[in-house]
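**Q** Sequence unavailable; structure follows:
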């Protein structure tokens, strides 16, 4: 008797959990579904009542339009190019400097690292205006330089890689040093390959940071040709009397790369998030 | 362990036997040979952080003490910008209050949703990765895209009002109504962000040693007791961290405000960074820098609290 009552209670509890999970997941997914389905609707149906769940008729026309009627290809290229450059340079600088801070001994190492870490507390907005003035001084406003160079290294990335490289055993590096390997050789042949999982995490976060960044690209670019995707999408709503089907087609294209990266590299994503947060 | 200049000189003398005093040039030579790799390796981040972080940080404070608009050179005005900001700028006060409401409502709900969903996912459910992906999807989507989609959902004739109308509930123009604009943006932000907390809490839950639960079971603790006396205390450092990150991040809210409401209607959703951007936009560089430094002061306070709280854990 008692056991079956516990069994029933357990069953009710589990059903409750599943119902809650499914309902909340629907709440999470509906806006994405609405984004994609709107991009397939004809403009007249966007705000139809009752809400039109399945586009009737459905059309891919707006995906073609965003390439032709707007400099969308250029936005996409800018975002991809800037994110790729920022990611590559972050990976290189953070890994090599992370190695030095983790494994090499030099005067001032720990003090320097501490001072660098302190900058993590400075919100970006504090630096916004001087940074803009600096770009102006360098004549970099509205160029790729301004979009890439200030984000070419990051203290967060450096911290992440240092923590990762700390776990590589010293003996491995010492034996290479005995064999007459140069410091750069040790970094390139031993540390870099062993740090690859950490690099993957860092790469994902650098890419995501650059891909979704908005305030800085908006301030430091002013011609349509230099806008990145988020800036382009935000401005489209101001310039055009909101053409929702096109904007949703553009938004879908902008959202897709990160979703694909996530689906394929879920483990690195989660590890990167939790590495900084949950103490091992 | 770090070496000093004299250490280097001494060790050098030692291996060469007793010699005349090492010349400074030689010491520098040894120093360079010994450490140049290390300094070369850290050069990039150190220069970049100095140029793009330290210098702007100091300049920003210097700017904030000036009146500087557009083409004229900056004029030193002391603390006048701060005085105006705190005592004579109702828009700033409004933005400060709005941002604080944003922090209280957003941080009052987001982390709780994150914890509840993580607890549910931790119950050995099927399709855990699938559910986790659903929660996490908006976190990795650009805020501009999220805000744009929600702006459409909140439209007078959008999906939300459409659904309310089908069940005969009252509708409103969510983002154009001063009473609902800020809260509507907060709802979007919580929806966008709590998946981050889900992932962090789930990882933290899985790191709690199973023995603790077994010991509690033996002592006859029920599910609620186990949650209260095992789960929650184990999560304490993560909870503190989540709140600090969340509070600091939320005080910087901008993207969704810019896209969804443009700070309106009548400043009903103006936030601190929006106020900063607005002043920057009108080329009030000195004044905007003062806004930035007030924000900095607020965030420094929370960073200090973080160090105090987390420091106690170790």
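**A** All right, it came through fine. These numbers come from a predicted model, not from an experiment.
**Q** ok, residue B:77 - contacts?
**A** B:65-67, B:286 (CB atoms under 8 Å, 6 or more residues apart in numbering or on different chains). Heads up, the C-betas are built off the backbone N, CA and C, glycines and all.
**Q** Please list only the buried members of those.
**A** Neighbour-count burial (16 or more other CB atoms under 10 Å in any protein chain shown) is assigned, among these, to B:65-66, B:286.
**Q** Output the contacts of residue B:77 in TSV, with pLDDT, secondary structure and distance to chain A appended to each entry.
**A** Formatted as TSV, these follow (pLDDT from 0 to 100; DSSP: H, G, I helix; E, B strand; the rest coil; distance: CB to the nearest CB, whole Å):
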residue	pLDDT	secondary structure	distance to chain A
B:65	95	coil	13
B:66	93	strand	11
B:67	91	strand	14
B:286	93	helix	9
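**Q** ok, which pair from those is furthest apart?
**A** B:65 and B:67 (9.2 Å; CB to CB).
**Q** Am I right that residue B:124 sits in a helix?
**A** No. Counting by DSSP: H, G, I helix; E, B strand; the rest coil, residue B:124 is not part of a helix but coil.
**Q** Tell me which stretches of the stretch 151-280 of chain A form helices.
**A** Ranges of helices within the stretch 151-280 of chain A are A:155-166, A:170-178, A:183-186, A:192-194, A:196-212, A:215-220, A:229-239, A:244-264, A:266-277, based on DSSP state H, counting those that start in this stretch.
**Q** buried ones in the fourth one?
**A** Judged by neighbour count using 16+ other CB under 10 Å, the buried positions of helix A:192-194 are A:192, A:194.
**Q** Give me the domain ranges for chain A.
**A** A:2-59, A:63-277 (automatic domain parsing).
**Q** Out of those, which is the most enclosed?
**A** Ranked by mean neighbour count, those are led by domain A:63-277 with a mean of 19 (mean count of other CB atoms under 10 Å in any protein chain shown).
**Q** Quick check: which element contains residue A:106?
**A** Using DSSP states H and E, residue A:106 is not contained in any helix or strand.
**Q** hang on, isn't it packed against residue B:41?
**A** No. If you go by CB atoms under 8 Å, residue A:106 and residue B:41 don't touch, sitting 9.5 Å apart.
**Q** got any residues that touch both of these two?
**A** residue A:100.
**Q** Low-confidence regions, chain B specifically.
**A** Applying pLDDT under 70 to chain B flags the ranges B:1-22, B:310-314.
**Q** Which is the succeeding secondary structure element to the biggest helix by length in chain A?
**A** Assignment by DSSP state H gives helix A:2-39 as the longest helix of chain A. Downstream of helix A:2-39, the first helix or strand assigned by DSSP H and E is helix A:61-68.
**Q** what helices or strands is that following helix leaning on?
**A** On a contact count with 3 or more CB pairs under 8 Å, 6 or more residues apart in numbering or on different chains; DSSP states H and E, helix A:61-68 meets helix A:244-264.
**Q** by how many degrees do the helix it packs on and helix A:61-68 diverge?
**A** 90 degrees (axes from the mean of the first three to the mean of the last three CA atoms, to 10 degrees).
**Q** tell me the angle of helix A:244-264 relative to helix A:266-277?
**A** Here helix A:244-264 runs at an angle of 80 degrees relative to helix A:266-277 (the same axes, to 10 degrees).
**Q** From the contact counts, what lies against helix A:244-264?
**A** Against helix A:244-264 (3+ CB pairs under 8 Å, 6+ apart) you get helix A:2-39, helix A:61-68, helix A:72-103, helix A:196-212, helix A:229-239, helix B:128-136, helix B:143-153.
**Q** Redo those as a markdown table? Include distance to residue A:147.
**A** Converted to a markdown table, these look like this (distance: least, CB to CB, whole Å):
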| stretch | distance to residue A:147 |
| --- | --- |
| helix A:2-39 | 26 |
| helix A:61-68 | 21 |
| helix A:72-103 | 5 |
| helix A:196-212 | 8 |
| helix A:229-239 | 10 |
| helix B:128-136 | 27 |
| helix B:143-153 | 16 |
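**Q** how about those, which one is nearest residue B:229?
**A** Nearest of the helices and strands packed on helix A:244-264 to residue B:229, taken as CB to CB: helix A:2-39 at 20.1 Å.
**Q** OK, contacts around residue 230?
**A** Here I'm looking at chain A. A:79, A:212-214, A:217, A:254, B:142-145, B:255.
**Q** if you could check chain B rather than the one you did, that'd help
**A** Shown in contact with residue B:230 (CB under 8 Å, 6+ apart): B:208, B:212-213, B:216, B:221.
**Q** Give me the nearest residue to it, chain neighbours excluded.
**A** residue B:212 (5.0 Å; CB to CB, 6 or more residues apart in numbering or on different chains).
**Q** likewise residue A:43?
**A** residue A:245 (5.2 Å).
**Q** Pull up the gap between that neighbour and residue B:193, please.
**A** Residue A:245 sits 28 Å away from residue B:193, going by CB to CB, to the nearest Å.
**Q** Same check on residue A:119?
**A** Distance, residue A:119 to residue B:193, by CB to CB: 24 Å.
**Q** Ok, residue B:48 next?
**A** 29 Å.
**Q** the more surrounded of the two?
**A** Per other CB atoms under 10 Å in any protein chain shown, whichever of residue B:48 and residue B:193 has more neighbours is residue B:193, with 22 against 19.
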